[in-house]
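In: Prediction below, plus the sequence it came from.
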Amino acid sequence: DAKTTQPTSMDCAEGRAANLPCNHSTISGNEYVYWYRQIHSQGPQYIIHGLKNNETNEMASLIITEDRKSSTLILPHATLRDTAVYYCIVRVADDGGATNKLIFGTGTLLAVQP
Amino acid sequence: KAGVTQTPRYLIKTRGQQVTLSCSPISGHRSVSWYQQTPGQGLQFLFEYFSETQRNKGNFPGRFSGRQFSNSRSEMNVSTLELGDSALYLCASSWDRGPSPLHFGNGTRLTVT
């Protein structure tokens, strides 16, 4: 079973910020939070990941709560091309290596409206 | 830098046949994982290879197998195809250490008739 829970779907107006929540209340100390998105008929696209600090890259920002039990992916200015299923995943990754057996939930379908 | 490349993009096979799918990882990546995606079960882990050795395996029957070559390229094989094997098969590659993310290809769409 997936270790994360996400809303099934969300809407966002084009040009506005999209805030996608994720709960991971049983996260372990050596588990990172990763976000991917999947546009129909394509492979999942990596967006961002973090351990406990907030992270930002050219695609998005990731806000992780202090207790690490939840996180929010922020797309600052959503466009129609951001319409996709967004997956939040926790993954063990430390100096000893990382597991590549990712467990995907059902994700959040983000629909960006014109 | 080229991404993960999967061939063929689409495939149609008949029940009982076998199929081989190919994956070329990102240059320098030595870990390759395979996933199956269906509308009913979502994305499910099949297996992972590193340095030509299977390192982890999901809960799939023995009809599903894979291998990795010395150049890190990987193939997966499905024998005695069933209608339920119709799916998008995804390959992902990554560095072996630390939190570097997996990068996925665009998959092979297999249809079994």
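Out: Structure's in. What do you need? What you are looking at is a predicted structure, and each value in this text was computed from that prediction instead of being measured.
In: and the closest residue to B:Leu81 other than its chain neighbours, how many neighbours does it have?
Out: On the basis of C-beta to C-beta, 6 or more residues apart in numbering or on different chains, the spatially nearest residue to B:Leu81 that is not a chain neighbour turns out to be B:Val112, at 4.8 Å. Placement of C-beta: from N, CA and C, glycine included. B:Val112 has 19 neighbouring residues, counting by other C-beta atoms under 10 Å in any protein chain shown.
In: can you list the residues of chain A near chain B?
Out: Taking C-beta under 8 Å from any C-beta of the partner chain as the measure of proximity, chain A contacts chain B at A:32, A:34, A:36, A:41-46, A:49, A:51, A:87, A:91, A:93-95, A:97-106.
In: Buried among these? Need that as a selection in ChimeraX.
Out: Typed into ChimeraX, the next command selects the buried ones out of the residues of chain A next to chain B (criterion: 16 or more other C-beta atoms under 10 Å in any protein chain shown):
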select /A:32,34,36,43,44,45,46,49,51,87,91,93,98,100,101,102,103,104,105
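In: Which of the residues of chain A next to chain B fall in strands?
Out: With strands defined by DSSP state E, the entries of the residues of chain A next to chain B inside them are A:32, A:34, A:36, A:45-46, A:49, A:87, A:91, A:93-94, A:97-98.
In: Report the lowest-confidence entry in those residues.
Out: pLDDT across those is lowest for A:Gly97, at 70.
In: That one bridge partners, please.
Out: A:Asp94 (DSSP bridges).
In: who's in contact with the spatially closest residue to B:Ser22 that is not a sequence neighbour?
Out: Closest residue to B:Ser22 in three dimensions, ignoring its sequence neighbours and counting by C-beta to C-beta, 6+ apart: B:Thr7, at 4.9 Å. If a contact means C-beta atoms under 8 Å, 6 or more residues apart in numbering or on different chains, then B:Thr7 has B:21-22, B:108 as its contacts.
In: Look through every helix and strand of the chain and give the one with the lowest mean pLDDT.
Out: No chain in the question, so chain A it is. The helix or strand of chain A with the poorest confidence is strand A:97-98; it has a mean of 73 (mean pLDDT, DSSP states H and E).
In: I was thinking of chain B, sorry if that wasn't clear
Out: The helix or strand of chain B with the poorest confidence is strand B:53-57; it has a mean of 93 (mean pLDDT, DSSP H and E).
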